[in-house]
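Peer 1: Got a predicted structure plus its sequence, pasted below:
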Amino acid sequence: MANYTAADIKEIREATGAGMLDVKKALDEADGDKAKAVEVIRVKGLKGIAKREGRTASEGLIAFDIRDSEQGRTGTLVELNSETDFVAKNDKFVALGDEAVAAAVESGATEPEQLADTPFGEALTNAGASMGEKILVRRIGRVSGEAVTEYMHRTNKDLPPQVGVLVATDTAGAEVARDIAMHIAAFTPAYLSRDEVPADIVENERRIAQETAENEGKPEKAIPKIVEGRLNGYFKENCLLDQAFAKDPKKTVGQIAEEAGGTVTGFVRFRVGS
């Protein structure tokens with residue numbers, strides 16, 4: 001029987017992200033040689049990639065990069081997924097997140113599929129093989145402006161950031177950008193302003209408000225005003241600049257930016273698995 005210790009198992013698990021039983025089997029096959037055991041895990045992992053394709057990867061992390069660009073500053077956000085939180089908090093997985101966002105920046109990729117032809121594509125495949133899980137880049141987001149500010153939130157202190165926000169502002173707006181980024185993390189706006197809401201969505205919300213008011217038996221003359229009021233309620237719930245500011249609900253986010261003499265020009269928000 002191969003000679004190895006619990007410490008050896010722990011070391012290989014931390015290095016590869018593989019499960020305990022897989023590590024034990026690899027050590028048995030490698031007759032206790034840790035380096036060979038890691039090779040065994042990797043080889044078997046590569047063979048098992050097809051089997052993992054149908055599995056769900058809903059854990060993971062958010063990684064970001066902000067740097068100078070022609071627009072002033074450009075921020076990139078990447079969601080990297082794994083199947084379990086055990087792998088998500090592995091140092092090698094966290095490092096892979098940094099590699100993913102770096103590859104997105106260097107290649108200019110806007111979709112995960114575009115990373116397949118970069119050197120990171122092979123690194124991603126190898127990581128999935130060694131860790132024994134389905135690992136993938138789910139999405140890439142990017143925002144540019146005179147200033148870009150980030151906020152990364154850990155929903156669990158033992159895990160890497162699960163929520164990431166990038167906010168683009170003019171230079172003056174940078175003064176309140178972090179507070180606004182924290183607001184976005186908590187209140188999940190779908191749009192920057194009401195002008196960005198697609199026309200078909202606005203019309204659908206207007207129709208629903210109209211039919212609801214009619215079904216409630218509201219006076220016909222009052223219905224137009226009721227519809228506009230409910231439509232404004234939709235904007236206040238879903239548009240960042242119309243939302244009540246988290247730290248001072250008596251003011252909107254737009255007013256907070258204006259009081260600082262600045263403007264919010266864009267944002268992107270990712271939450272792992274959602």
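Peer 2: Looks like it arrived, so ask away.

Peer 1: CA only for contacts and neighbour counts going forward, please
Peer 2: Fine.

Peer 1: can you pull the buried residues of stretch 171-189?
Peer 2: 171-185, 187-189 (16 or more other C-alpha atoms under 10 Å).

Peer 1: what's in contact with that stretch?
Peer 2: Applying C-alpha atoms under 8 Å, 6 or more residues apart in numbering, the external contacts of stretch 171-189 come out as 146-151, 153, 163-169, 237-240, 245-246, 253, 256-257, 260-264, 269.

Peer 1: And stretch 224-244, by the same measure?
Peer 2: So stretch 224-244 is contacted by 184, 188-194, 202, 205-206, 209-210, 213, 250-255 (C-alpha under 8 Å, 6+ apart).

Peer 1: make it 6 Å
Peer 2: P189, A190, Y191, L192, S193, R194, A209, Q210, K251, T252, V253, G254 (C-alpha atoms under 6 Å, 6 or more residues apart in numbering).

Peer 1: Please list all residues in contact with the last one.
Peer 2: With contacts defined as C-alpha under 6 Å, 6+ apart, the neighbours of G254 are L241.

Peer 1: just the strands in this protein please.
Peer 2: Using DSSP state E, the strands of the chain run over residues 59-69, 72-82, 136-145, 147-153, 163-169, 244-245, 248-252, 264-271.

Peer 1: Would you mind finding the most buried of the ones you listed?
Peer 2: Across the strands of the chain, averaging neighbours per residue (mean count of other C-alpha atoms under 10 Å) puts strand 163-169 on top, at a mean of 27.

Peer 1: For that strand, what is the distance to the chain centroid?
Peer 2: The chain centroid and the centroid of strand 163-169 are separated by 11 Å, computed with C-alpha atoms, centre = their mean, to the nearest Å.

Peer 1: can you check stretch 92-103 too?
Peer 2: 13 Å.

Peer 1: contact partners of that stretch?
Peer 2: Contacts of stretch 92-103 (C-alpha under 6 Å, 6+ apart): A63, V78.

Peer 1: Count the neighbours of A222 for me.
Peer 2: 10 (other C-alpha atoms under 10 Å).

Peer 1: ok, it to E216 distance?
Peer 2: Using C-alpha to C-alpha, to the nearest Å, A222 is found at 12 Å from E216.

Peer 1: re earlier: take the buried residues of stretch 171-189 and keep only those in helices.
Peer 2: 174-185, 187 (DSSP state H).

Peer 1: Can I get those residues in a markdown table including pLDDT and distance to G72?
Peer 2: Converted to a markdown table, these look like this (pLDDT from 0 to 100; distance: C-alpha to C-alpha, whole Å):
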| residue | pLDDT | distance to G72 |
| --- | --- | --- |
| A174 | 97 | 13 |
| E175 | 97 | 16 |
| V176 | 98 | 18 |
| A177 | 98 | 16 |
| R178 | 98 | 18 |
| D179 | 98 | 21 |
| I180 | 98 | 20 |
| A181 | 98 | 19 |
| M182 | 98 | 22 |
| H183 | 98 | 24 |
| I184 | 98 | 22 |
| A185 | 98 | 24 |
| F187 | 97 | 27 |
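
Peer 1: Where does the prediction get shaky in the chain?
Peer 2: Where the chain drops to pLDDT under 70, the residues are 1, 17-19, 44-56.

Peer 1: What residue spans form the domains of it?
Peer 2: 6-47, 60-194+239-271, 198-238 (automatic domain parsing).

Peer 1: what's the span of the longest one, first residue to last?
Peer 2: End-to-end span of domain 60-194+239-271 (C-alpha to C-alpha): 10 Å.

Peer 1: again, but for stretch 155-166
Peer 2: So stretch 155-166: terminal residues 17 Å apart, C-alpha to C-alpha.

Peer 1: quick check, nearest of the ones in helices among the buried residues of stretch 171-189 to A6?
Peer 2: A185 (40.5 Å; C-alpha to C-alpha).

Peer 1: and the gap between the closest one and P119?
Peer 2: For A185, the distance to P119 equals 32 Å [C-alpha to C-alpha].

Peer 1: partners of the closest residue to G266 other than its chain neighbours in the sheet?
Peer 2: Sequence neighbours aside, A168 is the residue nearest to G266 in space, at 5.0 Å (criterion: C-alpha to C-alpha, 6 or more residues apart in numbering). Taking DSSP bridges as the rule, A168 bridges to V148, G266.
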